[in-house]
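In: quick one, what's the 3D model for this:
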Amino acid sequence: MRIFGALFLLIMMISFTRVPPVQAVEEGQLVKKDGKWEYYAGEDPGLKYLYLKGIINEEEYTKGLKVLETKERIAKPNFNIDVNNGLNIRVGEKFLLKVRLLTQARYSYSTFNDAWGTVGNSRNAEILGGQVEFRAFRRQSDSSQFTVPRARLQFLGYAFDPDLRYNVSLAMDSTPWNQEGGNGRAALQDAYISSWHIPWATVQVGQQTVWFNRALISSIATSTFADNMIVQNMFASNLQNSRDVGITVLSNEDQYTFNYAFGLWGGVGPNLARDGTAVSQNVLPPSGGGGPPSGTTRTYNYDTRFMSGELMYTARLLYKIAGNPGYGQGDILNSRTPQAAIAFGYAYDPAQNYLSAIRSDIVDRSYRQAVTAAGNGRLLGGGIYDFQTYEVDFISKYQGWSLQAEGYYRHQRVRNSASGTSPFDLSTIPTSPLAVGPPVDLGQAWGWYVQVGKYVIPRKLELAVRYGFVDPSTKQLHDLTKEFGASINYSFDGTYNNRLVIDYSNLTVGSGGRAPDRFPFENQPGFGRDLIENRVNVQYQFYF
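Out: Coordinates of the predicted model:
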């Protein structure tokens, strides 16, 4: 009963003397409160008085401190929850979890010219897998589809320290480049930790966006159009995706006029290591001696890995001419002063295994599908490549106007066309003179685009047009890609979180130009004709 009487006396003393609440801190510690540093002795004066007078012993004194600390924590929770561009959960000053959800629902309607139904697109066809011929992708009728092109869940924030940040994101996207029922499956999109302790030398480690070209650094949620252009996707640093696994050292573009970003990467895109694309197959001469018939050529998988010791290197330099235009495409903030920046990027991605176009299921199919989805399927079957990609981009914004442009050049060096192995059964190689031609030299690739937009109603209604051009193989003819687009998008709340995008695209793709291991050749009817598509997208975006 002694301790309860003492605690009652303590509470009465606190009530009458109005002792300010004291945090549980060490003796003489400075504590930041309401933006100011204050000194706390770290001991409750009432409880200390009882202890010094001998009314309570040291054990009771310690128990009393714990009771008061518990009561204070309950009365003043150290966490809060709010909704601001997502669900935010904060615990003190050392933990933040932001949960965001992006959903896009779309209706698309496309018309195609008759070349799509005859010659089709064999240069960048869908990957079907198995030991079969590379087939042309053809269209026999117009297309009308409802899709959910993107559904993404993001967890980001900081822990232990506001400058120690994390980002884990899942993508449940859908794409027409899918023949295996994979649409809507959850895949890891981002998973990285970053240190922002040194603003001029921040570090990000893990799976993340590659800081190379502006179009792919920009979040698709801020895009003026429903999709990127072909030229924007084709010139990804790794030829397939905006993301890769590696480490980046960069400066904080919000603080400095001149900025840099240097990266070291796996070079084969997200969710895949280089061992997953290494050549591991060999074809033996005709066998016999109690085995298969002597005229049979067998394919053996020795599971031998090589080419997995090389990495991709990227560099980006950016200079802010005026203001800070950021990476959003339109001037949704209706800038009152000019915003402009110019940047240069370089990517070196060596030892890329493009030996197989489609026949081998030993070379990872998802890897080849990603290359094709990015518009680089023409390269498949060409061998082992060393890629060097260069880009320059410019952006400016002022009073609702926006201008964005990029130019690209990619050096496509064939290191080896066979690398000592054959990635498919030799008996499946076509031998007909109609199918076999001389070795194909694609040469290099280059392209550019320009996009102009204007918010005719500030923060609400934007109109935009764009045009892009690609020459995917400088040593081949009749294979150019040209794309024109126009867009109208309306923001219901003045942000990217709740908006409607309606866009139109006219796409012209040349079906000519030889490609490795690919039909049709010049003797096929319709070879070289332009494939023309007219597409309309109506897309609603919800970004919580």
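In: for the rest of this, base every contact and every neighbour count on C-alpha atoms.
Out: Will do.
In: how far away is residue 384 from residue 354?
Out: Look at residue 384 and residue 354: by CA to CA, to the nearest Å, they are 6 Å apart.
In: would you confirm that residue 401 contacts residue 458?
Out: No - the pair residue 401 / residue 458 is not scored as a contact, 10.0 Å apart, by CA atoms under 8 Å.
In: confidence score at residue 167?
Out: On the pLDDT scale, residue 167 is placed at 96.
In: continuing past whichever strand or helix holds it, what's the next helix or strand?
Out: Using DSSP states H and E, residue 167 sits in strand 161-171. Downstream of strand 161-171, the first helix or strand assigned by DSSP H and E is strand 187-195.
In: quick revisit: the strand holding residue 167 pairs with which strands, parallel or anti?
Out: Partners of strand 161-171 in the sheet, by DSSP bridges, are strand 143-159 (antiparallel), strand 187-195 (antiparallel).
In: mean confidence score for the shortest one?
Out: Along strand 187-195, the predicted local confidence has a mean pLDDT of 96.
In: which residues touch that strand?
Out: With contact meaning CA atoms under 8 Å, 6 or more residues apart in numbering, strand 187-195 is reached by 163-172, 202-209, 243, 270-271.
In: filter these down to the buried ones.
Out: Neighbour-count burial (16 or more other CA atoms under 10 Å) applied to the contacts of strand 187-195 gives 163-172, 202-209, 243, 270.
In: so residue 215 sits in a helix?
Out: Yes - membership of residue 215 in a helix is supported by DSSP: H, G, I helix; E, B strand; the rest coil.
In: I'd say it and residue 230 touch.
Out: No - between residue 215 and residue 230 there is no contact under CA under 8 Å: 11.0 Å.
In: more crowded one of those two?
Out: Taking neighbours as other CA atoms under 10 Å, residue 215 and residue 230 compare with residue 215 leading, 24 against 21.
In: Provide the secondary structure category for the nearest residue to the more buried one once chain neighbours are set aside.
Out: Of all residues not flanking residue 215 in the chain, residue 232 sits nearest, at 6.0 Å (CA to CA, 6 or more residues apart in numbering). Here residue 232 is helix, with the state taken from three-state DSSP.
In: quick check: pLDDT value at residue 232.
Out: pLDDT for residue 232: 97.
In: same deal with residue 318?
Out: 98.
In: give the pairing partners of whatever helix or strand residue 404 lives in; include direction for each.
Out: Assigned by DSSP H and E, residue 404 belongs to strand 401-416. Strand partners for strand 401-416, identified by DSSP bridges, are recorded as strand 383-398 (antiparallel), strand 445-457 (antiparallel).
In: and the longest one, how far out from the chain middle?
Out: Using CA atoms, centre = their mean, to the nearest Å, the mean C-alpha position of strand 383-398 is found 16 Å from that of the whole chain.
In: which residues touch stretch 167-177?
Out: 126, 147-157, 182-193, 369, 373.
In: just the CA coordinates of that stretch, formatted as CSV?
Out: Output of stretch 167-177 as CSV, limited to C-alpha atoms (Å, rounded to 0.1, in the frame of the first residue of the first chain):
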residue,chain,number,x,y,z
ASN,A,167,10.8,2.1,-52.5
VAL,A,168,9.0,-1.2,-53.2
SER,A,169,6.5,-1.2,-56.1
LEU,A,170,4.5,-3.9,-57.7
ALA,A,171,3.2,-3.8,-61.3
MET,A,172,0.2,-5.7,-62.4
ASP,A,173,0.2,-4.4,-66.0
SER,A,174,-1.5,-5.8,-69.1
THR,A,175,-0.1,-5.7,-72.6
PRO,A,176,-1.1,-6.9,-76.1
TRP,A,177,2.4,-8.5,-76.3
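In: number the chain from 10, please
Out: With the count now opening at 10, the last piece we talked about shows up as stretch 176-186.
In: which residue ranges form the helices in the chain?
Out: Per DSSP state H, the chain carries helices over the ranges 11-26, 54-61, 67-84, 124-127, 223-226, 239-243, 374-382.
In: lowest average confidence across those helices, which one?
Out: When the helices of the chain are compared by mean pLDDT, helix 11-26 comes last with a mean of 45.
In: ok so, going back, I'd like the strands paired with strand 410-425 as a markdown table, with mean neighbour count appended.
Out: As requested, those are exported to a markdown table (neighbours: other CA atoms under 10 Å):
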| stretch | mean neighbour count |
| --- | --- |
| strand 392-407 | 22 |
| strand 454-466 | 20 |
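In: give the rounded mean pLDDT of stretch 457-477.
Out: Taken as a whole, stretch 457-477 has an average pLDDT of 97.
In: now do that stretch: distance to the chain's middle.
Out: Distance, centroid of stretch 457-477 to centroid of chain: 23 Å (CA atoms, centre = their mean).
In: cool, and stretch 208-226?
Out: 10 Å.
In: can you show me the CA trace of that stretch as CSV?
Out: Taking only C-alpha atoms (Å, rounded to 0.1, in the frame of the first residue of the first chain), the coordinates of stretch 208-226 have been written out as CSV:
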residue,chain,number,x,y,z
PRO,A,208,22.8,15.8,-51.6
TRP,A,209,25.6,16.0,-54.2
ALA,A,210,26.3,12.2,-53.9
THR,A,211,23.1,10.3,-53.2
VAL,A,212,23.2,6.6,-53.6
GLN,A,213,20.4,4.2,-54.7
VAL,A,214,20.9,0.4,-54.7
GLY,A,215,18.5,-2.2,-56.1
GLN,A,216,16.0,-2.5,-58.9
GLN,A,217,15.1,1.0,-60.0
THR,A,218,14.6,3.5,-62.9
VAL,A,219,17.8,3.9,-65.0
TRP,A,220,18.7,7.6,-65.2
PHE,A,221,19.4,7.7,-68.9
ASN,A,222,16.8,9.2,-71.3
ARG,A,223,14.1,11.7,-70.2
ALA,A,224,11.1,9.9,-71.7
LEU,A,225,11.7,6.7,-69.5
ILE,A,226,12.8,8.6,-66.4
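In: mind saving the C-alpha coords of stretch 241-259 as PDB?
Out: Provided in PDB are the C-alpha atoms of stretch 241-259 (Å, rounded to 0.1, in the frame of the first residue of the first chain):
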ATOM      1  CA  GLN A 241      11.000   6.500 -76.700                       C
ATOM      2  CA  ASN A 242      10.800   2.800 -75.700                       C
ATOM      3  CA  MET A 243      13.300   1.600 -78.300                       C
ATOM      4  CA  PHE A 244      16.200   3.600 -77.000                       C
ATOM      5  CA  ALA A 245      16.000   2.400 -73.400                       C
ATOM      6  CA  SER A 246      19.500   1.900 -72.000                       C
ATOM      7  CA  ASN A 247      19.100  -1.900 -71.900                       C
ATOM      8  CA  LEU A 248      16.900  -2.000 -75.100                       C
ATOM      9  CA  GLN A 249      13.900  -3.300 -73.200                       C
ATOM     10  CA  ASN A 250      12.800  -1.500 -70.100                       C
ATOM     11  CA  SER A 251      13.100   1.700 -68.100                       C
ATOM     12  CA  ARG A 252      14.300  -0.300 -65.100                       C
ATOM     13  CA  ASP A 253      17.300  -2.500 -64.200                       C
ATOM     14  CA  VAL A 254      19.100  -3.800 -61.200                       C
ATOM     15  CA  GLY A 255      22.200  -2.000 -60.000                       C
ATOM     16  CA  ILE A 256      23.600   1.000 -58.200                       C
ATOM     17  CA  THR A 257      23.300   4.700 -59.100                       C
ATOM     18  CA  VAL A 258      25.200   7.700 -57.700                       C
ATOM     19  CA  LEU A 259      23.600  11.000 -58.500                       C
END
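In: list the buried residues of that stretch.
Out: Residues of stretch 241-259 classed as buried: 241-259 (neighbour count, 16+ other CA under 10 Å).
In: before we move on, what about stretch 336-353?
Out: By 16+ other CA under 10 Å, the buried positions in stretch 336-353 come out as 337-341, 343-344, 348-353.
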